[in-house]
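Undergrad: A predicted structure for the sequence below; I have some questions about it.
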Amino acid sequence: MLLLQFSTSHYCRKARLALGYKQINYKSENLTPGLHVLRVKPLTGLKTLPVLLPELEGQPQAIADSTQIFKYLESYQPEPSLFLPDYKQQTEAWMLEDWLDESIGTATRFVYYQFRAGEGKQIDSSLASQIIISVVRQQYGIDKASVELAASRLATGLEELSIRWQKSEYLVGNKLSVADIAAAALLSPLALIPQYRQGYPWLFQRIRQIHQQCSEPLPPGLSEK
Ligand SMILES: N[C@@H](CCC(=O)N[C@@H](CS)C(=O)NCC(=O)O)C(=O)O
């Protein structure tokens, strides 16, 4: 299998966590933002990464979108399962996964790129990195006002996750699910931002554990302790 990805994308991290959890061998190919469209659009009709190419006879040519990748991997190799055995709990896990994708993952992107353009500029002050940050900010309309709204959405979201993760090791049910993996990936960019690291230690503890369970290297900002 081949995963087409941006090496730093939190949605691509989400797909890698699922592949790692299932212990599926795969290769990854890092694409260049902007140019990626030339490779990806003809395959999927979409512009976003991750895209998984099973490269196996009798299997689909390309699977776009991290949620579809979860579903494909579960049908390709059911064990260990990403799904919860209880139907109601799995439905709840999908609801959370969708909310994390559509709301929390985008809010993280806004807060993260605002940080990288300001206080966090020294993380990589190269021209190439600053150009990418500036293009992403323009593409998604990331500015002071939109970041304030995103930060507020994140604060509310983190309350919900805190209630669930402090009550149990898992967001839903009694095993790792699509919801835990989505949360660990989509909130991971916050590990580089000191105010989140200080305000939400329990979050990074859980992100670290889930990465270890999925045999995925820790995200920038979290050390291998
Ligand atoms: N819902 C999609 C979101 C993926 C996504 O937003 N990917 C971003 C990278 S983090 C992307 O490919 N952006 C490039 C573009 O839109 O041209 C998924 O879960 O796969």
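TA: Happy to help now that I have it.

Undergrad: can I get whichever helix in the chain runs longest as CSV, trimmed to CA atoms?
TA: Using DSSP state H, we find that the single longest helix of the chain is helix 144-167. This file holds the C-alpha atoms of helix 144-167, laid out as CSV (Å, rounded to 0.1, in the frame of the first residue of the first chain):
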residue,chain,number,x,y,z
LYS,A,144,-6.9,37.3,13.8
ALA,A,145,-10.7,37.2,13.9
SER,A,146,-11.1,33.7,12.4
VAL,A,147,-8.4,32.4,14.8
GLU,A,148,-10.3,33.8,17.8
LEU,A,149,-13.4,31.9,16.8
ALA,A,150,-11.4,28.8,16.2
ALA,A,151,-9.7,29.1,19.6
SER,A,152,-13.1,29.4,21.3
ARG,A,153,-14.4,26.3,19.4
LEU,A,154,-11.3,24.4,20.5
ALA,A,155,-11.8,25.4,24.1
THR,A,156,-15.4,24.1,24.1
GLY,A,157,-14.2,20.9,22.3
LEU,A,158,-11.5,20.3,24.8
GLU,A,159,-14.0,20.5,27.6
GLU,A,160,-16.0,17.6,26.0
LEU,A,161,-12.9,15.5,25.4
SER,A,162,-11.7,16.2,29.0
ILE,A,163,-14.9,14.9,30.5
ARG,A,164,-14.7,11.7,28.4
TRP,A,165,-11.0,11.0,28.6
GLN,A,166,-10.8,11.7,32.3
LYS,A,167,-13.7,9.4,33.0
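
Undergrad: near the ligand, anything from the helix or strand just after it?
TA: On the C-terminal side of helix 144-167, the nearest following helix or strand under DSSP states H and E is helix 178-186. No: Helix 178-186 does not reach the ligand (Cβ under 6 Å from any ligand atom); its nearest approach is 8.7 Å. Backbone N, C-alpha and C define where each C-beta goes, glycine included.

Undergrad: I'd like the distance from the helix or strand just after helix 178-186 to the chain centre, please.
TA: Using DSSP H and E, the helix or strand that follows helix 178-186 in sequence is helix 194-199. Relative to its parent chain, helix 194-199 has a centroid offset of 19 Å by Cα atoms, centre = their mean, to the nearest Å.

Undergrad: name the helices or strands packed onto the longest helix of the chain?
TA: helix 105-117, helix 201-213 (3 or more Cβ pairs under 8 Å, 6 or more residues apart in numbering; DSSP states H and E).

Undergrad: most tightly surrounded among the ones you listed?
TA: helix 105-117 (a mean of 21; mean count of other Cβ atoms under 10 Å).

Undergrad: same for that one, what does it pack against?
TA: Here helix 105-117 touches helix 10-21, helix 127-140, helix 144-167, helix 178-186, going by 3+ Cβ pairs under 8 Å, 6+ apart.
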